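Visitor: here is the input, now give the coordinates:
(chains A and B, ligands or ions: 2)
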Amino acid sequence: MSLLEIKNLHVRVDGNEILKGIDLTVNAGEVHSIMGPNGSGKSTLAQVLARRDAYEITDGSVTLDGKDLLAMKPEEAACEGVFLAFQYPVEIPGIGNTYFLRSALNAQRKYRGQEEMDAMDFLPLFREKLALLEMDDKLMSRSLNEGFSGGEKKRNEILQMAILEPKLAILDETDSGLDIDALRIVANGVNSLRNPERAMLVVTHYQRLLNYIVPDFVHVLVDGRIVRSGGKELALELEEKGYSWAEPETAGVGASAAPALRRDGARA
Amino acid sequence: MRETAVEHVESWLDSFSEAAKGAGNLPWLRRLREDAFARFCETGFPTTRDEDWRFTNVSAIARTTFRPAGAAKVTAAEIAPYRVDGVAAQIVFVNGRFAPELSQLNRLPKGVTVASLRERMESHPQELEQHLGRYADIRRDPFCALNTAFLSDGAYVHVARGVVVEAPVYLLYLSTEESTPAMTHPRNLIVADDESQVSVIEDYASVGRESVVLSNAVTELIAGESATAQHYLIEREHLKAFNVQTLRIQQGRSANVASHSLLLGGGLVRNNVHPVLAGEGGECLINGLFLGTGRQHLDNYMHVEHASPHCGSRQFYNGILDQQAHGVFHGRIVVHKDAQKTDAKQTNRNLLLSDDAQIDTKPQLEIYADDVKCTHGATIGQIEENALFYLRSRGLSEAEARKLLLLAFAEECVERMHSAVAKELMERLIREHLLFLEQAPRVPSGPRITERAVEEVG
Ligand SMILES: Nc1ncnc2c1ncn2[C@@H]1O[C@H](COP(=O)(O)OP(=O)(O)OP(=O)(O)O)[C@@H](O)[C@H]1O
Ligand SMILES: [Mg+2]
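Guide: Ligands and ions are numbered 1, 2, ... in the order given. As a prediction, this is how the structure comes out:
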C-alpha cells in the first residue's frame, strides 16, 4: 500500500475548477517534487492535502496509508502524519512559539495514545532541533512568527516539522525568499528528516532547491493537471526549456498520455 | 416633586425617605443626597435620544420597581471562591452593606486606611467632606445622581503622602438572591495623596440563584501630585443583573493613573470611565476587555478630559462578542482650551464570533486647544480563518485553536496591567470565561435582557 494515493482529484474554489484531475502516488521513503508556473494549483493541492476546508472537492479520492484523507479535519490529518510547511506562514500575536509547538506536539501524542511531554522533557528536543536549523533562542520567545523575516518564518516551518516528525511532509515553496545560506540550512534540516518511513512532497518554482533536496520524481503541474512526470533530470530540463515546453504534450496527446506518465512517477 | 420624568415616583420617594432615615445627620451629606435626588427626579433615566445613551436602552431599569436590597448573610463556603491570595486587604459588602466578619483588614501597612465609608463618615466626617461628591457628575448622569441620593456605604481607601502599597486592596461586592427586584448603590472613595502609590480591585459578583438586581456603583478616585494609582474593575454578576459603574478619576500634577476593566457578567452593563487630567504632566491609561455572550449588553463609555497641558492618555479596549451579545465602545476625548501638547490615543478592537453579535463603536473628539495629538482607531473582525487553519494544521483541535486565539486577543489587555496579583486573577477569570463561552448552549433568538427583565418583573 502506498503512503499517499491521489486519484482523479478535482477541486473547485469559488466556482472555478483549479485542480482538474490529479493522479499521484507517493510511497514511503520517496521525495516527489511538484513544479509549475504561478497559479497552476500547487498550493491548492498542498492545502487540500492539509485539509483546508475552503476548497470544494468535486471528484476523486485521496488516501493516506489507506485511510480516506478527504474525510479528515485538518487536526486529524496532522495527527495522522500530514505536515504542511506553508508558502506564507501566518503571524499570530499573543501565542508564544515554544508554547504552541509543545501544545501541538502534545495534541498529536495524545491522539496516538502517547504520554504528553512536560516543559522539562520538551526542552532538550527543542534545543536539538533549534541547533539543527541554526535558529536563535531569542526568536522563540516571541509570538508565533511575529516580526519574523521571510527566511525566519520558513526556518520556523521546518523546525516545526522536525519536532512533529510527520509521515508526509509537504513543503510549499519553502525555498522562496531564502538566500543561499538560509537555503542550505533549510535543505540540511529537510535532508536530515529523510528516512525510509517518511515521504515528502516538495513544491517549488526553481530547480535551485532540488540541487540540495534531490527528488526521486519530478512532476510538472500546469493549469490544474500533471502534464509531465519524470526523474530528477526533468527539473533541469524544465529550467532550461521553460514550462511551455512541458505544456503542449498534454494539450496534444490529451488524457491518454497522463496514465503513462503517472506510472512512470509511481513505482508502487 | 412638581414635575418628574420618573416612573413609579412614589416608590422612589418611599425608598429615598426610608434610606434617608438611616443615613446619619451630617448636614452637608444630607444636602448632597437631597440635591442628587431632586436632580434625578428632574431628569429621570436617560433614553436613547440622549447622545450619551444612544446605544443603550435602559427602559427596563426605568420600568422596574427596585427596592433597596435587604440585609443578608453570606456563608464562609460561599465566599471561599472569592478569596484572593496576595492582597493587602479585602473588604466585603453584601447587598451594599459592609460585612466586617467577611473582611480582612488587619494586615495593612502604616499610612494606609481601608474602611467602610459609612463608619468613616461617623468617625472622620471632615476627612471625607473634602472629596466625597466633589467629582462625580450628578448633573450630567442620572445614575450618578441616583447613587448619590442613596449614598450610604462603600469602601474608603486612603494612602498617605509618600506611602507605597504594592499589593492591591480588594473590594468585593456580593449581591444575594431577592424575591423582588433589589438595588444597591455602592459608593467608593479612593484617595492617593501626593507621591503615594496604590492599587485597588473592585469586584462585583452574585451569590445564590439569579434574581433581578441593579448594582449602581460610583467610585471617586483622587490621585494627588505624582501619585500612582491602578484601578481594576471586574464585573461578573449573573445575567439578570443590571450593572452601572462610574469611575471618576481626578488626577493631579504628574499623577499616573490606570483603569483596567474586565466585563464578563451582567445582563446589561454600563461602564463609565471618566478621568480628568487636571494637573500638568499627568498620564492616564484606560484599558479594558469585555466578553459578551447570550443576550448580554455591555456598554463602555469613556470620557477622557484633558484639562491641563502636557498630559497623555491611552485608551485600549478589546471586545469579544458571541451569540447575540451587543457591545458598545464610546470613546469621548475632550481637550480643553489650555491643554496644549495633549497626546491622546484611542484604540478599540473587536472580535465578533457570531453573525448575530453586534458592536457599536464611536469615537468622539472635542478639541479646543490647537497644539495636540489625538488619534483613534477601531477594528471589527472575526477569528481569522488563516490563523485558525494554521493552528489546526499542526494538530490542535478547532476548539483548542479558537481558545488560543481568543486568549491571545484577551491577553493584550492583561499585559497592560501592572499588579501581578490582579493579572493572575484576571487571567484565571478570562480562561474560565472562555471555556464557558465555548460550552455555553446557543440561546435562541429573542429579546435582550433590556426587554426580558420587564416581562418577568411585570
Ligand atoms: N481562495 C481562493 N479564492 C479564489 N481563487 C483562488 C483561491 N485560492 C487560489 N485561487 C486561484 O487558484 C489558482 C491556483 O492557485 P494556487 O495558489 O494553488 O497556485 P500556485 O501554483 O500555488 O501558484 P504560485 O506559484 O503563485 O504559488 C489561482 O488562479 C488562484 O488565483
Ligand atoms: Mg503557491
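Visitor: what strands flank the particular helix or strand that has residue A:11 in it, and is each parallel or antiparallel?
Guide: Here residue A:11, judged by DSSP states H and E, is contained in strand A:4-13. On the basis of DSSP bridges, the sheet neighbours of strand A:4-13 come out as strand A:16-26 (antiparallel), strand A:56-64 (antiparallel).
Visitor: can you redo those as a markdown table with distance to ligand 1, mean pLDDT and mean neighbour count?
Guide: Where C-beta positions appear, they are placed from N, C-alpha and C, glycine not excepted. Shown next, in a markdown table, are these (distance: least, Cβ to the nearest ligand atom, whole Å; pLDDT from 0 to 100; neighbours: other Cβ atoms under 10 Å in any protein chain shown):
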| stretch | distance to ligand 1 | mean pLDDT | mean neighbour count |
| --- | --- | --- | --- |
| strand A:16-26 | 4 | 97 | 20 |
| strand A:56-64 | 11 | 97 | 16 |
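Visitor: switch those over to CSV; also include distance to residue B:12.
Guide: Listed next are the strands paired with strand A:4-13 as CSV, based on distance: least, Cβ to Cβ, whole Å:
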stretch, distance to residue B:12
strand A:16-26, 66
strand A:56-64, 62
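Visitor: nearest to residue B:431, of those strands?
Guide: Among these, strand A:56-64 comes nearest to residue B:431, with 35.0 Å by Cβ to Cβ.
Visitor: give the next helix or strand downstream of that closest one.
Guide: strand A:67-68.
Visitor: chain center to that next one, what's the gap?
Guide: For strand A:67-68, the gap between its own C-alpha mean and the chain's C-alpha mean amounts to 18 Å (Cα atoms, centre = their mean, to the nearest Å).
Visitor: quick revisit: check whether the strand holding residue A:11 comes near ligand 1.
Guide: Yes - Strand A:4-13 lies within reach of ligand 1 by Cβ under 6 Å from any ligand atom, at residue A:13.
Visitor: mind listing what's buried in stretch B:106-120?
Guide: When neighbours are counted by 16 or more other Cβ atoms under 10 Å in any protein chain shown, the buried residues of stretch B:106-120 are found to be B:108, B:112-118, B:120.
Visitor: export the strands paired with strand A:4-13 as a markdown table, with columns for distance to ligand 2.
Guide: Output for the strands paired with strand A:4-13, formatted as a markdown table (distance: least, Cβ to the ion, whole Å):
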| stretch | distance to ligand 2 |
| --- | --- |
| strand A:16-26 | 11 |
| strand A:56-64 | 18 |
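Visitor: of those strands, which is nearest residue A:133?
Guide: Nearest of the strands paired with strand A:4-13 (Cβ to Cβ): strand A:16-26, 24.7 Å.
Visitor: what about the residue in the stretch 301-450 of chain B positioned nearest to ligand 1, how many residues close to it?
Guide: Residue nearest to ligand 1 within the stretch 301-450 of chain B (Cβ to the nearest ligand atom): residue B:385, separated by 10.0 Å. Here the number of neighbours of residue B:385 (other Cβ atoms under 10 Å in any protein chain shown) works out to 11.
Visitor: same question, the one 3 residues further on
Guide: For residue B:388, the number of neighbouring residues by other Cβ under 10 Å comes to 20.
Visitor: check the one 5 residues further on too.
Guide: For residue B:393, the number of neighbouring residues by other Cβ under 10 Å comes to 25.
Visitor: from residue A:203, how far off is it?
Guide: 15 Å (Cβ to Cβ, to the nearest Å).
Visitor: so what's the residue of the stretch 301-450 of chain B closest to ligand 1 up against?
Guide: residue A:54 (Cβ atoms under 8 Å, 6 or more residues apart in numbering or on different chains).
Visitor: show me where pLDDT drops low in the stretch 51-200 of chain A?
Guide: Within the stretch 51-200 of chain A, not a single segment meets pLDDT under 70.
Visitor: which residue ranges of it form strands?
Guide: Remark: strands assigned in the stretch 51-200 of chain A by DSSP state E, counting those that start in this stretch are A:56-64, A:67-68, A:82-85, A:92-96, A:143-144, A:168-172, A:199-204.
Visitor: geometric centre of chain B: which residue is closest?
Guide: The centre of chain B sits closest to residue B:245, judged by Cα atoms, centre = their mean, with a distance of 3.8 Å.
Visitor: a helix runs through that residue, doesn't it?
Guide: No - Residue B:245: not assigned to a helix; according to DSSP: H, G, I helix; E, B strand; the rest coil it is strand.
Visitor: model confidence score at it, please.
Guide: Reported pLDDT at residue B:245 in the predicted model: 97.
Visitor: pull up the residues of chain A that are close to ligand 1.
Guide: A:13-14, A:18, A:36, A:38-44, A:54, A:87.
Visitor: contacting residues for residue A:209?
Guide: A:174-175, A:183, A:187, A:202.
Visitor: can you tell me the SS state at residue 37?
Guide: Just going to use chain A. Quick answer, by three-state DSSP: residue A:37 is coil.
Visitor: separation between it and ligand 2?
Guide: 10 Å (Cβ to the ion, to the nearest Å).
Visitor: now residue B:235
Guide: From residue B:235 over to ligand 2 (counting by Cβ to the ion), the distance is 47 Å.
Visitor: now the host helix or strand of that residue - C-alpha only, PDB.
Guide: Residue B:235 is located in strand B:228-236, with elements delineated by DSSP H and E. The C-alpha coordinates for strand B:228-236 follow below in PDB (Å, rounded to 0.1, in the frame of the first residue of the first chain):
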ATOM      1  CA  THR B 228       0.400  56.400  41.100                       C
ATOM      2  CA  ALA B 229      -2.900  54.600  41.200                       C
ATOM      3  CA  GLN B 230      -4.100  51.400  39.500                       C
ATOM      4  CA  HIS B 231      -7.800  50.600  39.400                       C
ATOM      5  CA  TYR B 232      -9.100  47.200  38.400                       C
ATOM      6  CA  LEU B 233     -12.800  46.500  37.800                       C
ATOM      7  CA  ILE B 234     -14.300  43.100  37.500                       C
ATOM      8  CA  GLU B 235     -18.000  42.700  36.600                       C
ATOM      9  CA  ARG B 236     -19.100  39.100  36.900                       C
END
